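*Asks:* my questions are about this predicted structure, shown below with the sequence.
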Amino acid sequence: MIFTTRAYASLGARVAALAKRPIGEVETRLFADGERYLRLASDPNGRDAAVLGGTIGEADTLELYDLACGVVEAGARSLTLVIPYFGYGTMERGTRPNEIVTAKTRARLLSSIPVPGSGSRVLLLDLHTEGIPFYFEGALRPVHLSARQVILPAVQRLGAEVLACTDAGRAKWVERFANDLGIPAAFVFKRRLEQGTEVTAVSAQVAQKRVVIYDDLVRSGGSLIAAARAYRDAGATAIAAVATHGVLPGDALDRLRGSGVLEKLVLTDSHPRAAALAGDFVEVVSVAPVLAEALSG
């Protein structure tokens, strides 16, 4: 049985259909003071249960936590937390004295969910920082999944002749994907200045080539625009982008579209914001097959 947070109801339905599992019904409403009431209207007693939700905000993180605790306390045989988007990658380590490493404290919170008799695990997708699984504690077993099976077809549909990245942080991912596709990989080199970051060089021949940029995460879009301009200035004939997680707060999408350097942006539905922005410029592909396969395995 699969339970979902409110923000992930659509993705949860797709995963349930592919995994051939029933959706657990949840009764919810707000009290006058803003406190949320939750009740499991479907009984998970004796079942292998999954709770699907992303940490897209503090309220969503707590909803995921509360649901998972309730599922275990209602007698679920095993628990799988499915977190398509773990949103604490920025503060994954401290760089100044006494900084709070939020990725660690949130992982510790989720690790405190009661453990059912047949154990528990957490499925995480294309984490911004690959060390985050080590923050989970106790009996909660982390599994880091890749969206490769939906990302590579998207890159191919865009007609990529070169697969590129926005910075060195994703270089290994891009090189691996490019090798899988049999095309060259390209990277940009950056220099940090007081007023921001400057692209200083491009690592590969992109002149007269169709370039597709891959990144795990697009937030404001600043790094993506800077990289796309560097590839354009190096002679690329067309540039598109693919990312697993599309956060795009505020007017980020308008800035990307208005930059004039990107033909198209392909995102997955790991974050509900992406589905809300789908249109002529943004294409959304579903990670439901990835998650359903992991649940069924």
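*Replies:* Ah, there it is. What you are looking at is a predicted structure, and each value in this text was computed from that prediction instead of being measured.

*Asks:* please parse the protein into its domains.
*Replies:* Annotated domains of the chain cover 2-145, 148-286 [automatic domain parsing].

*Asks:* closest to residue 294 out of these?
*Replies:* domain 2-145 (5.3 Å; C-beta to C-beta). (Each C-beta comes from the backbone N, C-alpha and C, glycine too.)

*Asks:* end to end, how far does that closest one reach?
*Replies:* 18 Å (C-alpha to C-alpha, to the nearest Å).

*Asks:* one more: stretch 124-132?
*Replies:* First-to-last residue span, stretch 124-132, C-alpha to C-alpha: 9 Å.

*Asks:* same thing with stretch 253-269?
*Replies:* Note: stretch 253-269 ends 16 Å apart using C-alpha to C-alpha.

*Asks:* when you give positions from now on, start the count at 755
*Replies:* Done: numbering now begins at 755, and the last item shifts to stretch 1007-1023.

*Asks:* hey, where'd the strands end up in the stretch 855-1004 of the chain?
*Replies:* With DSSP state E, counting those that start in this stretch as the criterion, the stretch 855-1004 of the chain has strands at 874-879, 894-899, 916-919, 939-940, 942-947, 950-956, 964-972, 992-1000.

*Asks:* the fourth one pairs with which strands?
*Replies:* Okay, so that is strand 939-940. Partners of strand 939-940 in the sheet, by DSSP bridges, are strand 916-919 (parallel).

*Asks:* next one: the second one
*Replies:* Strand partners for strand 894-899, identified by DSSP bridges, are recorded as strand 874-879 (parallel).

*Asks:* same question for the strand it pairs with: list its buried residues.
*Replies:* Using 16 or more other C-beta atoms under 10 Å as the test for burial, strand 874-879 gives 874, 875, 876, 877, 878, 879.

*Asks:* again with stretch 989-1003
*Replies:* In stretch 989-1003, counting by 16+ other C-beta under 10 Å, buried: 990, 992, 993, 994, 995, 996, 997, 998, 999, 1000, 1001, 1002.

*Asks:* repeat for stretch 901-919
*Replies:* 901, 904-906, 908-909, 912, 914-919.

*Asks:* so, low pLDDT: which residues of this protein?
*Replies:* Filtered on pLDDT under 70, the chain yields the residue ranges 943-958.

*Asks:* just give me the longest helix of it.
*Replies:* If you go by DSSP state H, the chain has its longest helix at helix 812-827.

*Asks:* tilt between that helix and strand 874-879?
*Replies:* Relative orientation of helix 812-827 versus strand 874-879 (axes from the mean of the first three to the mean of the last three C-alpha atoms, to 10 degrees): 150 degrees.

*Asks:* in three-state terms, label the residue lying farthest from the centre of the chain for me.
*Replies:* Using C-alpha atoms, centre = their mean, the residue of the chain lying farthest from its centre is residue 786. It sits 33.3 Å away. State at residue 786, reduced to three classes by DSSP: H, G, I helix; E, B strand; the rest coil: coil.

*Asks:* grab the nearest non-local neighbour of residue 876.
*Replies:* residue 835 (4.1 Å; C-beta to C-beta, 6 or more residues apart in numbering).

*Asks:* next, count neighbours for the one you found.
*Replies:* 24 (other C-beta atoms under 10 Å).

*Asks:* residues contacting it?
*Replies:* Contact analysis of residue 835 by C-beta atoms under 8 Å, 6 or more residues apart in numbering lists 804, 805, 818, 822, 864, 867, 874, 875, 876, 877, 894.

*Asks:* looking at these, which one is closest to residue 933?
*Replies:* Proximity of the contacts of residue 835 to residue 933, judged by C-beta to C-beta, is greatest for residue 877, which lies at 25.6 Å.

*Asks:* who does the closest one form a beta bridge with?
*Replies:* Beta-bridge partners, per DSSP bridges, of residue 877: residue 836, residue 897.

*Asks:* could you check how far residue 808 is from residue 1043?
*Replies:* Distance of residue 808 to residue 1043, computed by C-beta to C-beta, to the nearest Å: 17 Å.

*Asks:* higher neighbour count, the two?
*Replies:* Using other C-beta under 10 Å, the more surrounded residue of residue 808 and residue 1043 is residue 808, with 23 against 16.

*Asks:* so what's that one closest to, chain neighbours aside?
*Replies:* Distances taken as C-beta to C-beta, 6+ apart put residue 839 closest to residue 808, at 3.8 Å, once the chain neighbours are dropped.

*Asks:* didn't the one you found look like it was pressed against residue 1024?
*Replies:* Yes - here residue 839 reaches residue 1024: they are 4.7 Å apart, a contact under C-beta atoms under 8 Å.

*Asks:* which neighbours do the two share?
*Replies:* Here residue 839 and residue 1024 have 808, 879, 999 as joint contacts, going by C-beta under 8 Å, 6+ apart.
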